[in-house]
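**Q** Give the three-dimensional model of this entry:
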Amino acid sequence: MKRARVRLTKEAARQTREAAAWWIENRPAAPSLFREELAALLSLLRTAPDAGAPHAHRRIKGIRRAPLPTTRYLVYYVHDRESGEILVLAV
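**A** Reported below is the predicted structural model:
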């Protein structure tokens, strides 16, 4: 199966940086856990882009939501089947 390309919107990239910084500062026992969980999820989505659950949205069709189980963040994304791209909208 072809691997999907993953991109983050500017807002999702900003949210990711902020969450990672917060986790490093406030969780000294596991400072890299957020980044590790996010990397594992993005790797999964490259091969199984529909792994997240569908999430209803008023204006955007096809949004899916996938949890980061230990850090308890949610990743919202859309999968463009035509281009094979996954666009992360929010974290």
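**Q** Could you measure from the residue nearest in space to the middle of the chain over to residue 40?
**A** Centroid-nearest residue in the chain, with CA atoms, centre = their mean: residue 75, separated by 3.8 Å. Remark: distance between residue 75 and residue 40 (CB to CB, to the nearest Å) = 11 Å. C-beta: built from backbone N, CA, C; applies to glycine.
**Q** Ok, residue 12 next?
**A** Relative to residue 40, and taking CB to CB, residue 12 is found at 17 Å.
**Q** Pick out whichever of these two has more residues nearby.
**A** residue 12 (18 against 12; other CB atoms under 10 Å).
**Q** So for the one helix or strand that one maps to, mean pLDDT?
**A** Applying DSSP states H and E as the criterion places residue 12 in helix 10-26. Averaging pLDDT along helix 10-26 yields 97.
**Q** how about the helices in this structure?
**A** Counting by DSSP state H, the chain has helices at residues 10-26, 33-47.
**Q** returning to that earlier point: CA atoms only: put the helix holding residue 12 into PDB for me.
**A** Coordinates of each C-alpha in helix 10-26 appear next as PDB, following Å, rounded to 0.1, in the frame of the first residue of the first chain:
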ATOM      1  CA  LYS A  10       0.400  26.400  10.400                       C
ATOM      2  CA  GLU A  11      -2.000  26.300  13.300                       C
ATOM      3  CA  ALA A  12      -1.500  22.600  14.000                       C
ATOM      4  CA  ALA A  13       2.300  23.100  13.800                       C
ATOM      5  CA  ARG A  14       2.000  25.900  16.300                       C
ATOM      6  CA  GLN A  15      -0.200  23.800  18.600                       C
ATOM      7  CA  THR A  16       2.300  20.900  18.400                       C
ATOM      8  CA  ARG A  17       5.200  23.100  19.300                       C
ATOM      9  CA  GLU A  18       3.300  24.600  22.300                       C
ATOM     10  CA  ALA A  19       2.200  21.200  23.500                       C
ATOM     11  CA  ALA A  20       5.700  19.700  23.200                       C
ATOM     12  CA  ALA A  21       7.200  22.700  25.100                       C
ATOM     13  CA  TRP A  22       4.500  22.400  27.800                       C
ATOM     14  CA  TRP A  23       5.100  18.700  28.200                       C
ATOM     15  CA  ILE A  24       8.900  19.100  28.500                       C
ATOM     16  CA  GLU A  25       8.500  21.800  31.100                       C
ATOM     17  CA  ASN A  26       5.800  20.200  33.200                       C
END
